[in-house]
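**Student:** Compute the structure for the input listed below.
(3 chains)
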Amino acid sequence: MTQLTATLDAIVSDRRHRARRRNLAVGLLVALILALFLLTLSLGQSLTPPEDVVRVLLGQQVPGASFTVGQLRLPRASLSLLAGLCFGMGGVAFQVMLRNPLASPDIIGISSGASAAAVFAIVVLSLKGPAVSVAAVVAGLGVALLVYGLSFRNGVAGTRLILVGIGVSAMLESFVAYTLSRAPAWDLQEAMRWLTGSVNGAKPGDVLPLLLALLVFGGLLASRARDLDALRLGDDMAAALGTGIARTRIAVIVGAVGLIASATAVTGPIAFVAFLSGPIAARIVGGSGSLLLPSALVGAVLVLAGDYCGQFLLPGRYPVGVVTGALGAPYLIFLIVRVNRRGSSL
Amino acid sequence: MSAAAHSTSLVVSGLSAGYGETDILQGLDLTVPPGRITAIVGANACGKSTLLRAMSRLIQPRRGQVLLDGKSIHHLPSRQLARQLGLLPQSPIAPEGITVADLVSRGRHPHQGLFSGWTRADDEAVAEALVTTATDGIATRLVDELSGGQRQRVWIAMALAQQTDLLLLDEPTTFLDISHQIEVLDLLTDLNRARGTTIVMVLHDLNLAARYADYLVAMAAGRLHVSGKPEDVLTESNVREVFGLESRVITDPTSGRPLMLPIGRHGMVEAAG
Amino acid sequence: MILARATSLRPAPLHGKSRGVRLLSLAGLVVALAALCMLSVAIGTREVAWSDIAAALNGQVDSVGQAAVAVRIPRTVLAVLAGAALGLAGAIMQGVTRNPLADPGILGVNMGASLAVVVGIVWFGIASAHAYIFTAIVGAGLAAAFVYVIGSLGRGGATPLKLALAGAATSVAFSSLVIAVVLPRSDIAGGIRSWQVGGVGGATFDGILNGLPFLAAGFVISLLSARKLNSLALGDDLAAGLGENVAAARAVSSFGAILLCGATTAICGPIGFVGLVVPHLCRLLVGVDHRWLLPFSALGGACLLVAADVVGRIVARPSEIDVGIVTAFVGAPVFIWMIRRQRVHDL
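**Tutor:** Next up is the predicted model:
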C-alpha cells in the first residue's frame, strides 16, 4: 500500500500545483485588468492624477476631472471591460463545446448575426438602447439555430458547422454593408462600430444593461462549467460520465449567444476577441479546469489594451476592432497552421 | 473493494436502434453474465458498436429496452447511470495540455454534485486507478506525450476512477500493436478477477476475443447470431455464417481456447485444400 | 485519399455528357446571355420608354431616359466581362486545388487585391488606372499563394475545410488591414468603402478599356489550360505519371485566374460567390471535362452577374443594390447546400 500512498501524494501535489498555477494566472490577469482600467481612466489626451481619479470614482466633484473621467473615460473603460468579459467567455464556451478553436462566434456567424440585427434595428426600425440589445440577442440565437440546423445531417460535424457558418457570415456581412451604405446619416465612425467594433462614444447608460446580461448569461454558463469541461473529452465520453449532452448544449448556446449578442449590440462585433481569448487563456492556465473565467479575463485585457492602443499609442485614432483585428488575424493564421500540422483540438 | 459487483445485471430485450431512418439493430436480446468478461464480435457494420452505444444510452432505442438491475437505463438520471456503468468509446479526445492525473480525475465527474467539492475519496479513487493500471509512474506527464499503449491504459484508468460495476469498451485494442493489445486485455482480465467488474467489449480480433472472453457474442446483420462459451461459439460453421469465411478451428495450444485459422484461395498447404 | 477526393467531385464520368447536350446547352447559354443583356439595357431603377431605348442605342442622349440607358450600356458590358472572368477564375481555382469550395472570394484572393490597391493608393500614391489594375493583380497573386500554402500544410493536402478556413481568416485579416490603412484618410475613405462593396454601377467605357488587356490575357491563358486541368483532376501523382509537369500546370493556370480576378476586382471591387456557384452548375450541365467546363463557366458567370445586376436594380427601387451584395445572397445558400451535400470525411 506504500505505492498507493505515494501515488496519492503525487496526484494531490499535482493538483495543488495546477491550482496554484491557475490562481496565479487568474490573479495576474485581474491585476493587469485593474492596471489597464486605471490607465484608461487617468491617462488620455491629458493626464489626470491618480488621486483625482479615485476621488471621482468615490463620487466627489473634482473640477476639470469629473467630466473627463466620470462622463467620458469611465463609461468607456467600463464598457471595454464588460464587453471583453462577454466576448471572452462566450467565445471560449463555443470553442470548448464544439472542440475546435475555429468554431468561435465571430467565425461561425453569430457575431455578424447580432451585428446585422443591431444595424437593422437602428437604421431601419430606428430603435434605441435595450430594444437593440434584445433584437441582437434574438437574432444571435436565430443564427445559431440556423447554422446548427443547416449543419445537421445525421448529427452535426464540427467541420460542416464551421463552413456553414462561414457562408452565413458572408451573407450577413453583405447585409450589414448594404444597410450601412443606405443609412441616411452616413457616418464613418458610426459605421466602423458595426463593421469592426468600437467603444467610441460610450454612454453611461450602456453599462448597466450589459452588466446585467453578463450576470444572467455568464451565470448560466458558469452553472454548466463542469459539464462543459466534460465535453472536451468528446460527446460519447462526456455522456458516459453522466453529462446530459443535449441539456448542456442548449444551456451553453443560450448563455454564450446571450453574452456575445448583448456585447455586440453595444460595441459592435469587436473583431477576434471572442476567437482569441480562449486559446490565449488555455496557454496561460494550462490544460486543466474550466476556461470560462480565464478566457473572460483575457477578453477584457484584449479590449482594454486594444482600445488604449487604438486611441493613444498609434499614429491616428483607430477603433478597438481594427487593433484586435490586425492582432488577431496573424494569430488565426498561426492557429490554422498549427491545427493543420497536428490535427489537434483546443 | 467495489462490493456488490456481482449483483449488477445488464439485460437487453427486443432492442431496435440505429441512426437516422435505418435500424441497425433489429430486435436484439442479450443477457450479459454478471462478473464475467463478454466479447462482442461480428463482421464490419453488423451493429457491434451500435449495440454498445445503445447499452450505454448514447443512442435512443426505437423499440425494446436496456435494463440495468431490472430498471430501464433510459429512466435513470444520467449521473446515477454513470456511477453504475462506465464506457470507454472508441476514440475519446484528450484535451491538449492535460496531465495524466488530471485526465483520470475526470472519471470522478458523476460522483460530484453541483456544489460539492473535491474530496479525499476522489483522490483515493484516482490513485487506486493509477496504481491498478500501472500508470502511477506517469501521473504528472502530459497525455499528449504518451505512446498509444500508455494512453489506452490512462483511459482505462479514467474509467476505473469512475468506480462502476460495469465497464463497456468499444474496441479497446484498435491502433495498438500486438504487445500492447495483450497488455490491455491482460489488464482488463486482472480487473475482472480482482474486483469482479463486469466487462463488455467489442473486439475486432476473433482469436483474442476467444482467448480473453468468458462469454462470446457473435452478431450478424443487427441480430444476435449465437452466444455462449468461446468453445461453443467459435466454430467453423459459425465463422462461415457470420463472416462468410471458410476456416479451420483448432485448440490453441497456449490457452486451450479455440483458435480460428482462415482459409483463403492462396497461401495454403496443398493437403489442406 | 487524393484520388478519392478528386472523384467525389464528379457528378458524372469524364465523358458522361453527349456532344449534343453540350452544344445545345451552349446555344442556350448564349441566347440567355443575349436576352439578359437586352433586359439589362432596358430595365433599370428608372422606367424608360422603348423608343428612348432604341434612340439611346443609336447614340442619342437627349432626354433623361436616353441618358439613363446610355449609362446602362457600359455597365452591361462590364457585368458581362466581370462575370465571365469570375466564373472562369472560379472554375480554374477549383481545378487547380481539386477543391469544390474554391472561389476567388472565399479564398481571400479578391480581398488581397483590395488590400493591395488600398495600400497603393494611400501609401504609394498610385493614381492611374493601369497602376490600380497591376497592383490588384500582384495583390491577388500574393494572397492566392499565401492562402494555398497555409491551406495545404499538414495531412491530406489542401482539403476544402483547410482552404476555406485559411481563405476566410485571410479575408478577415485583410479587411481589418484595409480599414486600418484607409481610416486616417477620411478624404478617400468614402470612395474606397463604396468600392469595397463590389458593383458595376459606375462603369465607363474608359475604365473597361483600361482593364481589357489584362482581362484578355487572362481569358486566353485560362482557356488554354483546360487540358492541364483535366490531368490535374486525376491527382498529382497520376498527372505526373501521365507526363504533366504538375507544378508548371498549376502555376500557369493559376496565373490566368489571378489576372482575371485581380483585374476584375480593381475595376468593380470584390465580388464573391460567382466563381463558386457557376462552375458547379456548369458541371451539372456539361460534366467535368475542362475543355467544356471553362467556356461554360465564363458564359454562365456572365449570365449570373448580368442577371444579379438587373435584380439589384429592380428589387430596391428607387435605389439599387450593388451586385456584390446580390451575389452574396444568391451564392451563400448555394455554398451551404454544397457543404451539406459533401460527406463528412471529405471535409
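
**Student:** quick one: pLDDT of residue A:340?
**Tutor:** For residue A:340, the model assigns a pLDDT of 65.

**Student:** ok, now the one 3 residues further on?
**Tutor:** For residue A:343, the pLDDT comes out at 52.

**Student:** And the top helix by length along chain B, what's buried?
**Tutor:** Counting residues, the longest helix found in chain B (DSSP state H) is helix B:178-195. Using 16 or more other C-beta atoms under 10 Å in any protein chain shown as the test for burial, helix B:178-195 gives B:180-181, B:183-185, B:187-189, B:191-192, B:195. Every C-beta, even on glycine, is put in place using the N, C-alpha and C of the backbone.

**Student:** quick one: low-confidence parts of the stretch 101-250 of chain A?
**Tutor:** A:154-157, A:184-190 (pLDDT under 70).

**Student:** The longest helix of chain B - what's its average pLDDT?
**Tutor:** 90.

**Student:** Bridged to residue B:63, which residues?
**Tutor:** residue B:16 (DSSP bridges).

**Student:** correct me, but it touches residue B:13?
**Tutor:** No. Contact criterion C-beta atoms under 8 Å: residue B:63 and residue B:13 do not qualify, at 9.9 Å.

**Student:** residues contacting the closest residue to chain A within the stretch 101-250 of chain B?
**Tutor:** Relative to chain A, the nearest point of the stretch 101-250 of chain B is residue B:110 (3.7 Å; C-beta to the nearest C-beta). Residues in contact with residue B:110, defined by C-beta atoms under 8 Å, 6 or more residues apart in numbering or on different chains, are A:241-242, B:78-80, B:82-83, B:162.

**Student:** okay, it: pLDDT?
**Tutor:** So, for residue B:110, pLDDT stands at 88.

**Student:** Residue C:114 too?
**Tutor:** 88.

**Student:** what secondary structure does it sit in?
**Tutor:** Of the three states, residue C:114 takes helix under DSSP: H, G, I helix; E, B strand; the rest coil.

**Student:** quick one: it from residue C:192, how far?
**Tutor:** According to C-beta to C-beta, to the nearest Å, residue C:114 and residue C:192 sit 9 Å apart.

**Student:** ok, and the residue nearest to residue C:249 when sequence neighbours are not counted, which helix or strand is that part of?
**Tutor:** Closest residue to residue C:249 apart from its sequence neighbours, by C-beta to C-beta, 6 or more residues apart in numbering or on different chains: residue C:228 at 3.8 Å. Taking DSSP states H and E as the definition, one finds residue C:228 inside helix C:226-232.

**Student:** same thing with residue A:108?
**Tutor:** Applying DSSP H and E, one finds residue A:108 in no helix or strand.

**Student:** Wait, it touches residue A:97, no?
**Tutor:** No. Using C-beta under 8 Å, residue A:108 makes no contact with residue A:97, being 11.4 Å away.

**Student:** So which of these two has more stuff around it?
**Tutor:** residue A:108 (28 against 22; other C-beta atoms under 10 Å in any protein chain shown).

**Student:** where exactly do the helices run in chain B?
**Tutor:** Using DSSP H, helices in chain B cover B:48-55, B:78-84, B:100-105, B:120-132, B:148-161, B:178-195, B:206-212, B:230-233, B:236-243.

**Student:** With adjacent residues omitted, what lies nearest to the residue most central in space within chain C?
**Tutor:** Computing the C-alpha centroid of chain C and ranking residues by C-alpha atoms, centre = their mean puts residue C:86 first, at 1.8 Å. Distances taken as C-beta to C-beta, 6+ apart place residue C:274 nearest to residue C:86, at 4.1 Å, with adjacent residues excluded.
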